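> missing the sequence, but the structure's below:
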């Protein structure tokens with residue numbers, strides 16, 4: 001179960017076809033969008049489905065790799081407390097007759113975790129036209145976790161990306177979708193689901209402060225940021241921590 005864009009599934013198989021399975025009953029208004037790539041082919045936008053075939057026709061017999069990346073959500077739907085409306089729930093894979101799942105592709109040696117808000121999540125990274133055309137129905141279309149600065153930065157460094165971004169999130173403000181402020185939402189995937197510590201990040205990149213902006217003074221923001229850093233260091237004692245100046249300069253001092 002994931003509530004973050006950029007979340008990735010890698011599957012490798014020997015044969016001609018597999019079907020991916022998702023739970024879709026939680027979507028009350030609109031499905032999120034996913035990126036799907038077979039081998040090194042073209043990336044295609046798909047939606048979660050109870051039965052999502054990776055190709056309209058069978059593939060040539062042989063070894064294949066499927067990559068699936070969460071592209072965009074409606075960020076206002078609940079994705080913190082259950083029931084998780086804004087979530088992707090992956091249930092498994094069914095191979096075609098004569099097809100066999102293989103061990104997954106080897107993961108990159110390094111893992112980078114990105115902590116931030118809508119900019120990190122990739123919200124509106126693909127927006128076009130005047131602001132009045134940015135309707136909520138187009139949010140999953142305009143958003144892109146795979147083509148965000150965070151996901152692409154990790155790929156350029158040869159590392160595995162772990163993107164934790166929530167629109168509107170700050171240290172003094174809660175995010176859309178019912179997500180509490182960063183000091184309370186870290187280190188959880190969603191409420192009651194702590195982050196998996198079997199694979200700790202080698203580096204953590206923090207892009208926090210844009211939504212705090214003029215909302216709080218530097219005298220308030222500074223101690224909150226220090227407490228946030230202390231919490232991250234305690235959770236990831238060996239990680240390199242990079243603190244970004246927010247792109248709009250908020251609380252840069």
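That came through, no problem. Keep in mind it's a predicted model, so treat the numbers as computed, not measured. Residues are numbered from 1 along each chain as shown.

> for the stretch 1-150 of the chain, what spans make up the helices?
118-121, 139-142, 149-156 (DSSP state H, counting those that start in this stretch).

> same for the last one, what does it pack against?
In this case it means helix 149-156. strand 111-116, helix 118-121, strand 160-165, strand 203-207 (3 or more CB pairs under 8 Å, 6 or more residues apart in numbering; DSSP states H and E). Heads up, the C-betas are built off the backbone N, CA and C, glycines and all.

> Swap in 6 Å and give it another go.
strand 160-165 (3 or more CB pairs under 6 Å, 6 or more residues apart in numbering; DSSP states H and E).

> looking only at pLDDT, what's the mean for the strand it packs on?
Mean pLDDT, strand 160-165: 97.

> Repeat that for stretch 121-129.
83.

> And that stretch, end to end?
Between the opening and closing residues of stretch 121-129 there is a gap of 20 Å (CA to CA, to the nearest Å).

> could you measure residue 145 against residue 119, distance?
Per CB to CB, to the nearest Å, residue 145 is found 12 Å from residue 119.

> returning to what we had before: make a markdown table from the helices of the stretch 1-150 of the chain and add mean neighbour count and distance to residue 178 to it.
Output for these, formatted as a markdown table (neighbours: other CB atoms under 10 Å; distance: least, CB to CB, whole Å):
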| stretch | mean neighbour count | distance to residue 178 |
| --- | --- | --- |
| helix 118-121 | 25 | 15 |
| helix 139-142 | 19 | 16 |
| helix 149-156 | 18 | 22 |
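
> Out of those helices, which gets nearest to residue 129?
When the helices of the stretch 1-150 of the chain are compared by CB to CB, helix 139-142 sits nearest residue 129, at 9.9 Å.

> Mind listing residues that contact that closest one?
Identification of contacts with helix 139-142 by CB atoms under 6 Å, 6 or more residues apart in numbering yields 32-33, 72, 74, 124, 126-127.

> Mind picking the two most distant members of the residues you listed?
Most distant of the contacts of helix 139-142, by CB to CB, are 32 and 127, 17.0 Å apart.

> So for these two, which residue has more residues nearby?
residue 32 (25 against 15; other CB atoms under 10 Å).

> Wait, a helix at residue 225?
Yes. In this structure, residue 225 lies within a helix as judged by DSSP: H, G, I helix; E, B strand; the rest coil.

> who touches stretch 152-164?
Against stretch 152-164 from outside (CB under 6 Å, 6+ apart): 4, 6, 107-108, 110-115, 150-151.

> Would you list the buried entries among those?
4, 6, 111-115, 150-151 (16 or more other CB atoms under 10 Å).

> How many neighbouring residues does the nearest residue to residue 169 once chain neighbours are set aside have?
With sequence-adjacent residues excluded and distances taken as CB to CB, 6 or more residues apart in numbering, residue 169 is closest to residue 175, at 3.7 Å. Residues near residue 175, counting by other CB under 10 Å, number 23.

> How about residue 231?
So residue 231, with other CB under 10 Å, has 15 neighbours.

> what angle sits between the one helix or strand it maps to and strand 203-207?
Residue 231 belongs to helix 218-235 when assigned by DSSP states H and E. Here helix 218-235 runs at an angle of 160 degrees relative to strand 203-207 (axes from the mean of the first three to the mean of the last three CA atoms, to 10 degrees).

> Enumerate the positions of helix 218-235 that are buried.
Here helix 218-235 shows 221, 224-225, 228, 232, 235 as buried, counting by 16+ other CB under 10 Å.

> Strand 111-116 and that one, what's the angle between them?
160 degrees.

> what's downstream of helix 218-235, the next helix or strand?
Immediately after helix 218-235, counting by DSSP H and E, sits strand 240-243.

> That following strand pairs with which strands, parallel or anti?
strand 203-207 (parallel) (DSSP bridges).

> which one is residue 235 nearest to, not counting chain neighbours?
residue 187 (4.9 Å).

> same deal with residue 147?
residue 125 (6.0 Å).
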